[in-house]
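A.B. asks: Here's a sequence, model it:
(chains A and B)
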There are 2 protein chains.
Amino acid sequence: MKCAGIVVEYNPFHNGHLYHLRKTVEKSGADCIIAVMSGNFLQRGEPALVSKFSRTKMALKAGVDLVVELPYAFATQKAETFAFGSVQTLTNLGSQFICFGSESGSIHSFYRTIQFIDENQEEFNRHVQNLMKTGVSYPKACSNAFHSLNPSEEMIDLSKPNNILGYQYIRAIEKQNRSIIPLTIKRIQSDYHENELSPQGISSATSIRKSLFSNSQLSIEGQVPNSTWDELLRFKEEYGTFANWERFWPFLQYRLMNSRPDELRTIYEVEEGLEHRLIANAKEASSFQSFMEKVKTKRYTWTRLQRVCTHILTNASKEEVETGAEKIKYVRILGFNERGREYLRKNKKSFPIPIVSKISSGIEGTMNLDIKASRMYAFGFDGHARQKLIRQEFAQPPLIFESGSR
Amino acid sequence: MKCAGIVVEYNPFHNGHLYHLRKTVEKSGADCIIAVMSGNFLQRGEPALVSKFSRTKMALKAGVDLVVELPYAFATQKAETFAFGSVQTLTNLGSQFICFGSESGSIHSFYRTIQFIDENQEEFNRHVQNLMKTGVSYPKACSNAFHSLNPSEEMIDLSKPNNILGYQYIRAIEKQNRSIIPLTIKRIQSDYHENELSPQGISSATSIRKSLFSNSQLSIEGQVPNSTWDELLRFKEEYGTFANWERFWPFLQYRLMNSRPDELRTIYEVEEGLEHRLIANAKEASSFQSFMEKVKTKRYTWTRLQRVCTHILTNASKEEVETGAEKIKYVRILGFNERGREYLRKNKKSFPIPIVSKISSGIEGTMNLDIKASRMYAFGFDGHARQKLIRQEFAQPPLIFESGSR
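C.D. replies: So this is what the prediction gives:
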């Protein structure tokens, strides 16, 4: 069986994701599509709108064959670490391809860019360092440094998030000496701003989430497959709300206010005295939004701070995350259809690491951070819904669906 | 000016407290009555129904002249430490008397009891140790050991909480070599169970709180002075709710579920592997009540566990509490009337420790635990009320009232 991997968050699954999925099948000619998906907390340091199992359901109904979880220690990280864990998960599962979206749709541009940066490594690094000294954030410094080297038009634009991820996937393949083949698909999107819904039915997940939290929920019906729409309604019915940072603010504020600075410093990415800034602002803010606005600086971007907040919320220590992010040590299966099941059955003997369907005591210690993060996610919900989500991490076996049509 | 001290929690102030106050004036002949009051968390490990400032108002309106706060490190402790801090606060303030309620109303009985225990020290200790080996709690073991020594009828009953406190006040006076004179007043109370309101208008604070959380709030109107009733209504209007442990359960559950056992072990009174028991039960419980029922054992009494929960909620470490409970290092003034102000003015030069009216940066470090506890209390309330209570710890100067009639 030929297999292609995609790296996703599906927050929520929308028409753009469906396009990416169909194009992946087309371009790779694969029989089985594996999605490596972030769990309940996402790369930009946000809680997912709906739980990982709900998002797995969306993926399977749309035609993904196998959904596995990218561990917390990789999922809530900068592009480089996120990409490293994603690629390693896919290679562990024997995937021949990784297929990602990009602005240009040309894999050649990525290789040219990598070659160009390697050839100008010293100058590039010097630029980055100088820019960071002036307080510019690392991603911004990389992008600016790259532009100042006068790259040709054939190269990718490293200021676009999707391009950065693609660049890091290829870097990760190189670093791991893997034979997995990168493919890229040109993203389609209207010229609409990412905060607004597009009348063509391909909108950003950001704009879709915004609509879901406003009173115009009906307007997103045309932006997502019916199966997503049904699942969103079902989730809200069952759990009472969608999650966002504001739902977690009381717990983050509580944690920031009862921690001593030395305790906060044990948390991953709390560095350079940031702990004092966080504590001082926590008591003044009555919402996550107002807290972030007070704390944000040029150096501490919104995304970086959100990731810090996620680690504080989940109490993820430097040691835990660093150990967890050394390499992929297990693959947690969230769901599959018949094709996915067949793929697992045929290849299970060749997988070099444990495949986890249900958490058992043997693997529990290694997965501690994932378990904790999933349970902390439950605190974005109230009463029974919270208890149900707390139990779900151990109680829920992989979801099994009939193979969907793509 | 002659001054008498009383040690109170006023949760809430009721007719029994008014009786105690009047009898204190009568028995001591004092011009000024100082109440040493627990802050937002109480001796039995509970959040107070209403904030310390609201309870201060009740006290001043009922005729107390000066209300000061017993620091957290003493207030949320077993009787011995609680009494030690209370007596030391009063002696620091130059109080000539300490006047407490007891079952017998005879100070002589207390001295006889102390003498008797001292004379039978070895046997008493042996009994206590043997009983504790069988899993009996320390207070229960003391009470049983005392009874097994065949005390005479003149002695006090050491199984009654009020008697234990009185006993510890006198022990504290002895230990501190202080000249403060202990007085005791016989408690009046109907034979009603402590969970039920008495038709005579003297009911336990427990039964009054129970009524407040039920729908029969009006029924307590005859059990408390009008000033208390007014203040209870005002507080609920301003802050939206009264506090109890259930209001804090989400935060305690969150904290228990994201802590590692080694983190919990740094918390005061988390010992003997209790951390594992707490963590294991936190995820199963959907309320504080059900959590406590699961965790409780013969050795871990409800009160002891509540105190542990309080320390976890406030993240009070062993080091912080032990340092804080070495001795009284400051006196925080919560409110006074003209007589109280006059007393402070006349005596301020003779006070051996700082008198704190408003928290300033000089004293902030020493008072850290009190500040943290006050802020954690705010999390029992929602939205604006929470933010108001968070700010109150720094913003609120002592309350000043005209001298009330007793």
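
A.B. asks: chain center to the helix or strand containing A:Phe84: distance?
C.D. replies: Per DSSP states H and E: A:Phe84 is located in helix A:79-92. Centroid separation for helix A:79-92 versus its chain: 11 Å, with Cα atoms, centre = their mean, to the nearest Å.

A.B. asks: I'd like to know which elements it is packed against.
C.D. replies: Applying 3 or more Cβ pairs under 8 Å, 6 or more residues apart in numbering or on different chains; DSSP states H and E, one finds that helix A:79-92 makes contact with strand A:3-8, strand A:32-38, strand A:66-70, helix A:72-75, strand A:97-102, helix A:161-176. C-beta: built from backbone N, CA, C; applies to glycine.

A.B. asks: and that helix, which residues are buried?
C.D. replies: A:79, A:81-92 (16 or more other Cβ atoms under 10 Å in any protein chain shown).

A.B. asks: How about stretch A:266-285?
C.D. replies: A:266-270, A:274-275, A:278-279, A:281-283, A:285.

A.B. asks: can you list contacts of stretch A:219-226?
C.D. replies: A:12-15, A:18, A:58, A:61-62, A:197-198, A:201-203, A:208, A:211-212, A:229, A:232 (Cβ atoms under 8 Å, 6 or more residues apart in numbering or on different chains).

A.B. asks: Please identify the residues of chain A in proximity to chain B?
C.D. replies: A:250-251, A:254-255, A:257-260, A:263, A:283, A:286, A:313-315, A:372, A:375-376, A:379, A:383-384, A:386-387, A:390-391 (Cβ under 8 Å from any Cβ of the partner chain).

A.B. asks: rerun at 6 Å
C.D. replies: When proximity is defined as Cβ under 6 Å from any Cβ of the partner chain, chain A approaches chain B at A:Phe251, A:Tyr254, A:Met257, A:Asn258, A:Lys283, A:Ser286, A:Asn315, A:Arg375, A:Met376, A:Phe379, A:Gln387, A:Ile390.

A.B. asks: Count the neighbours of the residue of the stretch 101-250 of chain A found nearest chain B for me.
C.D. replies: Closest to chain B within the stretch 101-250 of chain A is A:Pro250: 7.0 Å, counting by Cβ to the nearest Cβ. Neighbourhood size, A:Pro250 [other Cβ atoms under 10 Å in any protein chain shown]: 18.

A.B. asks: Which residue, other than its chain neighbours, is closest to it?
C.D. replies: B:Phe379 (7.0 Å; Cβ to Cβ, 6 or more residues apart in numbering or on different chains).

A.B. asks: Phi, psi for the one you found please.
C.D. replies: B:Phe379 adopts backbone torsions of phi -70, psi 0, taken as degrees, to the nearest 10.

A.B. asks: Hmm, it is touching A:Tyr254, no?
C.D. replies: Yes. Between B:Phe379 and A:Tyr254 there is a contact at 5.3 Å, judged by Cβ atoms under 6 Å.

A.B. asks: can you list residues touching both of the two?
C.D. replies: Shared contacts of B:Phe379 and A:Tyr254 (Cβ atoms under 6 Å, 6 or more residues apart in numbering or on different chains): B:Phe251.

A.B. asks: Strands of chain A, start to end?
C.D. replies: A:3-8, A:32-38, A:66-70, A:97-102, A:181-186, A:331-336, A:355-356, A:399-400 (DSSP state E).

A.B. asks: May I see those arranged in CSV, with mean neighbour count as well?
C.D. replies: Shown next, in CSV, are the strands of chain A (neighbours: other Cβ atoms under 10 Å in any protein chain shown):
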stretch, mean neighbour count
strand A:3-8, 25
strand A:32-38, 27
strand A:66-70, 28
strand A:97-102, 25
strand A:181-186, 18
strand A:331-336, 24
strand A:355-356, 18
strand A:399-400, 15
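
A.B. asks: Kindly reformat those as CSV containing distance to B:Pro47.
C.D. replies: Shown next, in CSV, are the strands of chain A (distance: least, Cβ to Cβ, whole Å):
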stretch, distance to B:Pro47
strand A:3-8, 44
strand A:32-38, 38
strand A:66-70, 39
strand A:97-102, 51
strand A:181-186, 56
strand A:331-336, 39
strand A:355-356, 41
strand A:399-400, 42
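
A.B. asks: The closest residue to A:Ser137 other than its chain neighbours and chain B, how far apart?
C.D. replies: Using Cβ to Cβ, 6+ apart and skipping the chain neighbours, the partner closest in space to A:Ser137 is A:Thr301 (4.7 Å). Remark: distance between A:Thr301 and chain B (Cβ to the nearest Cβ, to the nearest Å) = 25 Å.

A.B. asks: Just read off the phi/psi values of A:Thr301.
C.D. replies: Dihedral angles (degrees, to the nearest 10) for A:Thr301: phi -70, psi 160.

A.B. asks: how near is it to A:Glu269?
C.D. replies: The spacing between A:Thr301 and A:Glu269, counted by Cβ to Cβ, to the nearest Å, is 12 Å.

A.B. asks: Pull out the CA atoms of stretch A:354-366 and give them to me as CSV.
C.D. replies: This file holds the C-alpha atoms of stretch A:354-366, laid out as CSV (Å, rounded to 0.1, in the frame of the first residue of the first chain):
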residue,chain,number,x,y,z
PRO,A,354,5.0,1.5,20.0
ILE,A,355,1.7,2.2,18.4
VAL,A,356,-0.7,3.3,21.2
SER,A,357,-4.4,2.7,20.7
LYS,A,358,-5.4,3.0,24.4
ILE,A,359,-3.2,4.3,27.1
SER,A,360,-2.0,1.5,29.3
SER,A,361,0.2,1.8,32.4
GLY,A,362,3.2,0.7,30.4
ILE,A,363,3.3,3.8,28.2
GLU,A,364,1.6,6.2,30.7
GLY,A,365,4.8,7.7,32.1
THR,A,366,6.2,8.5,28.7
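
A.B. asks: what does it contact?
C.D. replies: Here stretch A:354-366 makes contact (Cβ under 6 Å, 6+ apart) with A:Lys329, A:Tyr330, A:Val331, A:Arg332, A:Ile333, A:Phe394, A:Pro397, A:Pro398.

A.B. asks: on that earlier part again, compute the inter-axis angle for the helix holding A:Phe84 and strand A:331-336.
C.D. replies: 70 degrees (axes from the mean of the first three to the mean of the last three Cα atoms, to 10 degrees).

A.B. asks: what sits up against helix A:79-92?
C.D. replies: A:5, A:7, A:36, A:43, A:70, A:74, A:98, A:164-165, A:168-169, A:172-173, A:178, A:180, A:325, A:328, A:331, A:353.

A.B. asks: for the record, mean pLDDT for it?
C.D. replies: Here helix A:79-92 scores 97 as its mean pLDDT.

A.B. asks: try stretch A:276-286
C.D. replies: On average, the pLDDT along stretch A:276-286 is 95.

A.B. asks: can you list the residues that contact that stretch?
C.D. replies: Contacts for stretch A:276-286 (Cβ under 6 Å, 6+ apart): A:Gln253, A:Leu256, A:Met257, A:Pro261, A:Phe291, A:Lys294, A:Val295, B:Gln387, B:Ile390.

A.B. asks: shouldn't the fourth one be in contact with A:Val270?
C.D. replies: No. Between A:Pro261 and A:Val270 there is no contact under Cβ under 6 Å: 9.2 Å.

A.B. asks: that older thread, for the strands of chain A, give me TSV that also has mean pLDDT.
C.D. replies: Shown next, in TSV, are the strands of chain A (pLDDT from 0 to 100):
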stretch	mean pLDDT
strand A:3-8	98
strand A:32-38	98
strand A:66-70	98
strand A:97-102	96
strand A:181-186	96
strand A:331-336	97
strand A:355-356	94
strand A:399-400	92
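
A.B. asks: Local confidence estimate at A:His147?
C.D. replies: What the model reports as pLDDT for A:His147 is 88.

A.B. asks: Next one: it from B:Met376, what distance?
C.D. replies: Distance from A:His147 to B:Met376, by Cβ to Cβ: 49 Å.
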